[in-house]
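Enquirer: Sequence first, predicted model second:
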Amino acid sequence: MWSFVFQLNRLAGLALALSVSACAAIPQQAATPATGPKVMVAAANPHAVEAGLNVLRQGGSAVDAAVAVQAVLGLVEPQSSGLGGGAFLTYYDARTRKVTAFNGRETAPAGATPELFLDDAGKPIGFRDAVISGRATGTPGAVAMLAMAQSAHGKLAWNQLFADAERLADQGFVVSPRLAGMIAGPFPQTTTPDAKAYFSKSDGEKYKAGDVLKNPAYADTVRRIAAEGPKAILEGSIAEAIVAKVAEGPRPGTLSLTDLKTYRPETDPAVCRPYRVYVVCVPAPPSSGAALLEALGILERTDIASRGPTDPQAWYLLAQASRLMYADRDRYFGDPAFVEVPLEGLLEPGYVSDRAKLIGETAGPAPAPGKPRGAGVRAPDATREPAGTSHFVIVDAAGNVVSMTTTVESIFGTGRMVGGFFLNNQLTDFSFSPANPDKTPAANAVAAGKRPRSSMAPTVVLDRQGRFVAAIGSPGGNSILAYNLKALVGVLDWKMPIQAAFDLPNLIARGDSYASEPAKYAPGVVEALAAKGVKFTGFGGEGSGLHGVVMTPNGLEGAADPRREGVAKGF
């Protein structure tokens with residue numbers, strides 16, 4: 001049984017660019033690795049990184065710093081995550097060498113039914129309609145999850161962790177090019193009354209890069225969270241405002257005060273598997289991290305490690321392992337409290353070996369999902385996972401590590417605001433079609449109290465003695481798994497510096513689709529892949545935002561994806 005809270009004595013002896021519509025408005029920046037002997041923060045915005053470092057300078061833990069980082073990200077990067085969203089956090093305890101996972105995924109309200117996103121004719125409603133509807137919002141879990149983790153692993157008082165977020169909200173922060181691009185983008189959320197009011201100046205002009213944006217309502221909310229904890233938004237006046245906002249048309253939702261008050265985050269054993277000389281740990285479902293472990297297992301049965309980023313065969317193997325991973329993930333993953341997820345069967349060595357044998361000399365049709373032990377009969381998946389997520393990694397002075405992926409789902413969530421923050425549209429992560437015409441259920445169908453499946457897969461890598469090696473993760477909707485897989489292969493197999501691994505081209509292979517960044521490959525690779533049946537079409541939707549930290553002989557080394565605005569800093 002490998003789904004466990006990682007312990008040394010259990011393991012000893014075990015031998016793409018952004019969417020095309022927004023891309024032009026958001027320039028990329030060159031990223032350089034950061035090194036620090038003791039601590040490191042890598043996150044998607046410099047303000048958030050500084051907030052995390054400020055907590056660490058006060059003697060705070062990695063989890064303390066995570067609270068501060070999330071509070072600032074929700075203000076300066078509201079298109080990606082926030083107080084109204086959810087998250088998964090993978091935590092490494094340096095003293096015990098244990099890895100645990102915290103689940104702050106949103107839940108569907110008690111009034112939700114499998115037909116939540118069907119119209120009167122029983123057909124799935126359009127995504128643009130669904131994403132800004134009241135039906136899209138689930139009970140937010142990020143703040144409650146962080147409070148749970150901080151109560152277990154924090155060193156500072158909870159109310160000490162919000163000073164930077166409060167200050168930036170009160171005094172204002174400079175709008176970044178990426179945020180400005182999202183404000184100006186052709187997204188349904190930017191057309192909502194709340195988004196228009198927040199992102200427009202007194203003369204009606206939209207905020208642009210370099211403008212100073214203030215959010216006093218957000219400052220008041222974080223002050224209340226600092227004083228009251230998660231109750232500040234799950235009970236009382238803010239909770240009442242959330243329920244009222246969700247109940248507004250079009251397509252009002254059923255989220256209630258009881259749904260908010262009774263929300264509980266979860267902590268579970270991390271799912272860990274050996275990969276070559278390492279052990280890779282991720283959260284359990286409804287995170288899709290275990291699918292990443294399956295893909296690594298498939299690649300371990302190939303010669304990809306003896307190749308490198310200039311070798312077309314290496315990318316071919318990566319693409320085919322990715323297709324097999326997605327075929328199984330899309331069919332079988334969901335909330336394990338509601339549906340049997342054949343986790344052990346999917347990761348059994350024999351099953352993984354059989355999947356690896358399906359990789360031929362050239363690419364064939366889209367692979368079908370396999371039949372792992374414990375698999376039930378499930379309908380093909382109809383889930384869409386749009387842009388709107390962030391990832392950060394923190395290592396504290398004691399060597400404890402946080403790898404956290406956090407989201408409001410689509411860009412600016414539903415575009416509805418309460419208390420200075422956007423509400424999530426997380427329920428659109430469910431399959432809009434709950435079943436096949438023959439009534440075969442989808443694993444990720446909507447149900448009351450259920451958590452939607454997530455591609456988020458915050459990852460921690462250890463050596464076989466339980467010592468920290470690396471932590472990585474990325475946003476990217478359903479491309480998250482492909483981005484994480486590329487980064488892990490670059491660092492663990494090709495022995496690349498973490499920044500160089502992040503800089504590698506992204507390749508998202510899912511079904512019959514291959515999306516990538518052709519200009520980033522070594523000469524001849526794209527043509528050789530096309531000859532093997534791997535032909536690129538598009539960039540794959542939301543670009544990556546990889547952030548990570550590795551341990552090197554010279555100390556910690558952090559990196560941030562050059563496709564976004566993040567930085568890595570340590571001291």
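Expert: The structure has been received and is ready for your questions.

Enquirer: And the contacts of stretch 183-194?
Expert: Stretch 183-194 has contacts (CB atoms under 8 Å, 6 or more residues apart in numbering) with 21-22, 25, 128, 131-132, 175, 182, 195-196, 199, 206-208, 410-417, 422. The way it works is simple: take the backbone N, C-alpha and C, and place the C-beta from them, glycine included.

Enquirer: if we go to 7 Å?
Expert: If you take CB atoms under 7 Å, 6 or more residues apart in numbering as the criterion, stretch 183-194 is touched by 21-22, 25, 128, 131-132, 195, 199, 206-207, 410-417.

Enquirer: Quote the end-to-end distance of it.
Expert: From its first residue to its last, stretch 183-194 covers 12 Å (CA to CA, to the nearest Å).

Enquirer: how distant is that stretch from the center of its chain?
Expert: In terms of CA atoms, centre = their mean, to the nearest Å, the gap separating the centre of stretch 183-194 from the centre of its chain is 22 Å.

Enquirer: Show the average pLDDT along it.
Expert: Here the mean pLDDT over stretch 183-194 is 95, rounded to a whole number.

Enquirer: In it, which residues are buried?
Expert: I183, A184, G185, F187, P188, Q189, T190, T192, D194 (16 or more other CB atoms under 10 Å).

Enquirer: For the fifth one, grab phi and psi.
Expert: Read that as P188. Note on P188: backbone dihedrals following degrees, to the nearest 10 are phi -60, psi -30.

Enquirer: Quick check: the gap between it and T428.
Expert: Here the distance between P188 and T428 works out to 12 Å (CB to CB, to the nearest Å).

Enquirer: list residues touching both of the two?
Expert: Both P188 and T428 are contacted by V131, under the criterion CB under 7 Å, 6+ apart.

Enquirer: does the closest residue to R273 other than its chain neighbours count as helix, strand or coil?
Expert: Leaving aside its sequence neighbours, R273 sits nearest to L293 (CB to CB, 6 or more residues apart in numbering; 4.6 Å). Assigned state for L293: helix (three-state reduction, DSSP: H, G, I helix; E, B strand; the rest coil).

Enquirer: again with A51
Expert: Assignment for A51 (three-state DSSP): helix.

Enquirer: Just the pLDDT at it, thanks.
Expert: Note on A51: pLDDT of 98.

Enquirer: What number of residues are in the vicinity of it?
Expert: One way to gauge burial is a neighbour count; for A51, by other CB atoms under 10 Å, it gives 29.

Enquirer: Kindly confirm whether my reading is correct that it touches V72.
Expert: Yes. The pair A51 and V72 qualifies as a contact (CB atoms under 7 Å) at a distance of 4.4 Å.

Enquirer: anything in contact with each of the two?
Expert: Looking at what touches both A51 and V72 (by CB under 7 Å, 6+ apart), the common residues are D164, A165.

Enquirer: for stretch 450-460, what is the average pLDDT?
Expert: Mean per-residue pLDDT for stretch 450-460: 97.

Enquirer: go on, stretch 127-142?
Expert: Averaged over stretch 127-142, pLDDT sits at 94.

Enquirer: Dump that stretch to CSV, restricted to CA.
Expert: Once side chains and other backbone atoms are set aside, the C-alpha atoms of stretch 127-142 remain, and they are given as CSV (Å, rounded to 0.1, in the frame of the first residue of the first chain):
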residue,chain,number,x,y,z
PHE,A,127,-19.5,27.4,-21.0
ARG,A,128,-19.6,31.2,-21.3
ASP,A,129,-23.0,31.2,-19.7
ALA,A,130,-22.0,28.7,-17.0
VAL,A,131,-18.8,30.4,-15.9
ILE,A,132,-20.4,33.7,-14.8
SER,A,133,-23.5,32.1,-13.3
GLY,A,134,-24.4,31.7,-9.7
ARG,A,135,-24.5,27.9,-10.3
ALA,A,136,-20.7,27.9,-10.8
THR,A,137,-19.6,28.8,-7.3
GLY,A,138,-18.7,26.2,-4.7
THR,A,139,-18.0,26.7,-1.1
PRO,A,140,-14.5,28.3,-1.0
GLY,A,141,-11.8,26.3,0.8
ALA,A,142,-8.4,27.9,0.5
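
Enquirer: how far is that stretch from where the chain is centred?
Expert: On CA atoms, centre = their mean, the centre of stretch 127-142 falls 17 Å from that of its chain.

Enquirer: And the helices in the stretch 401-550 of the chain, which stretches?
Expert: Counting by DSSP state H, counting those that start in this stretch, the stretch 401-550 of the chain has helices at residues 480-488, 498-503, 525-531.

Enquirer: for the stretch 451-571 of the chain, what spans make up the strands?
Expert: Counting by DSSP state E, counting those that start in this stretch, the stretch 451-571 of the chain has these strands, from start to end: 459-463, 468-473, 507-510, 513-516, 547-552, 555-560, 567-570.

Enquirer: Outside of the third one itself, list whatever touches it.
Expert: By CB under 7 Å, 6+ apart, the list of residues contacting strand 507-510 from outside reads 16, 315, 318-319, 322-323, 326, 479, 482, 486, 515-516, 540.

Enquirer: Any buried residues in stretch 513-525, and which?
Expert: The neighbour-count check on stretch 513-525 (16+ other CB under 10 Å) flags Y514, A515, S516, E517, K520, Y521, V525 as buried.

Enquirer: what mean pLDDT does the lengthiest helix in the chain have?
Expert: For the chain, the helix reaching the highest residue count under DSSP state H is reported as helix 312-332. What helix 312-332 shows for mean pLDDT is 97.

Enquirer: Which elements pack onto whichever helix or strand comes after it?
Expert: Toward the C-terminus, helix 312-332 is succeeded by helix 343-347 as the next helix or strand (DSSP states H and E). Applying 3 or more CB pairs under 7 Å, 6 or more residues apart in numbering; DSSP states H and E, we find helix 343-347 packed against helix 289-300.

Enquirer: then the helix it packs on to PDB, C-alphas only?
Expert: Taking Å, rounded to 0.1, in the frame of the first residue of the first chain, the C-alpha atoms of helix 289-300 are listed here in PDB:
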ATOM      1  CA  GLY A 289      -1.500  14.100  -8.900                       C
ATOM      2  CA  ALA A 290      -1.700  10.300  -9.000                       C
ATOM      3  CA  ALA A 291      -2.100  10.500 -12.800                       C
ATOM      4  CA  LEU A 292       1.300  12.300 -12.900                       C
ATOM      5  CA  LEU A 293       2.700   9.300 -10.900                       C
ATOM      6  CA  GLU A 294       1.300   7.000 -13.500                       C
ATOM      7  CA  ALA A 295       3.000   8.900 -16.300                       C
ATOM      8  CA  LEU A 296       6.300   8.900 -14.500                       C
ATOM      9  CA  GLY A 297       5.900   5.100 -14.000                       C
ATOM     10  CA  ILE A 298       5.400   4.700 -17.800                       C
ATOM     11  CA  LEU A 299       8.400   6.800 -18.600                       C
ATOM     12  CA  GLU A 300      10.600   4.800 -16.100                       C
END
